[in-house]
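A.B. asks: requesting a structural model of the entry that follows:
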Amino acid sequence: MSNFTFTETKIKGVYIIDVKMYGDNRGYFMETYKEEDFIAAGLDYKFVQDNQSSSRRGVLRGLHFQKTFPQAKLVRVLKGEVFDVAVDLRKSSETYGQWAGVLLSEENHRQLMIPRGFAHGFIVVSETAEFAYKCDEKYHPEDEGGLLWNDPDIAVEWPEVGEIILSEKDKKNPTLKECKMKF
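C.D. replies: The predicted structure is shown next:
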């Protein structure tokens, strides 16, 4: 019996993953990844790199992708709460330019599986958040790409958090029409 429930979003290939947690007076235990269960669900990825970030309320990271070396990502929150978003950039997809989003938190223990061919981003809605993700391709800094977080053609419905805090690089990202990046 699997410790995971895999629910496909409105975008093919993007899954919300609920994990079974075992708790008692000492705390809790949960599996966050088990290759055979993911493969049985049709999510056959070979992860090669784990990343972690810490951010404060209002920090928006994204929408990011790699151009030549796209990454599939399994993302989750260790502390706090974020609203996580995947934008479909697959040229043959019926949902090209559409987004799926989910609230990930230390309380709900949800994860989001984002396949290759997507831009990814999140905004911190709690006071602080620690965010972790597995990638199936290593990070190549020279290969970075991005989309404007508030592109009206994508129209992500970001939650209200007060001031939005962006990196200088993310402030300059192009819109989807300007980018024309398609996997």
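A.B. asks: for the rest of this, base every contact and every neighbour count on C-alpha atoms.
C.D. replies: Noted.
A.B. asks: what mean pLDDT does the single longest helix found in the chain have?
C.D. replies: Determined from DSSP state H, the single longest helix within the chain is helix 35-40. Helix 35-40 carries an average pLDDT of 96.
A.B. asks: kindly export that helix (C-alpha atoms) in PDB.
C.D. replies: Taking Å, rounded to 0.1, in the frame of the first residue of the first chain, the C-alpha atoms of helix 35-40 are listed here in PDB:
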ATOM      1  CA  GLU A  35      10.800   5.600  -6.300                       C
ATOM      2  CA  GLU A  36       8.600   2.500  -6.800                       C
ATOM      3  CA  ASP A  37       5.400   4.400  -5.700                       C
ATOM      4  CA  PHE A  38       6.100   7.300  -8.000                       C
ATOM      5  CA  ILE A  39       6.900   5.000 -11.000                       C
ATOM      6  CA  ALA A  40       3.700   3.000 -10.300                       C
END
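A.B. asks: which other residues reach it?
C.D. replies: When contacts are defined by Cα atoms under 8 Å, 6 or more residues apart in numbering, helix 35-40 is touched by residues S2, F4, D44, Y45.
A.B. asks: same check, this time on stretch 90-103
C.D. replies: 9-11, 14, 16, 81-89, 112, 117-118, 153-154, 156, 176, 182-183.
A.B. asks: most neighbours among the contacts of helix 35-40, which one?
C.D. replies: Among the contacts of helix 35-40, F4 has the most neighbours (other Cα atoms under 10 Å), with 20 neighbours.
A.B. asks: report the contact partners of that one.
C.D. replies: I17, D18, V19, K20, D37.
A.B. asks: quick check: bridge partners of the third one?
C.D. replies: Applying DSSP bridges to V19 gives these bridge partners: F4.
A.B. asks: does it touch E31 like I think?
C.D. replies: Yes. Assessed by Cα atoms under 8 Å, V19 is found in contact with E31 at 7.1 Å.
A.B. asks: what do the two both touch?
C.D. replies: N3.
A.B. asks: which of the two has more residues huddled nearby?
C.D. replies: V19 (19 against 12).
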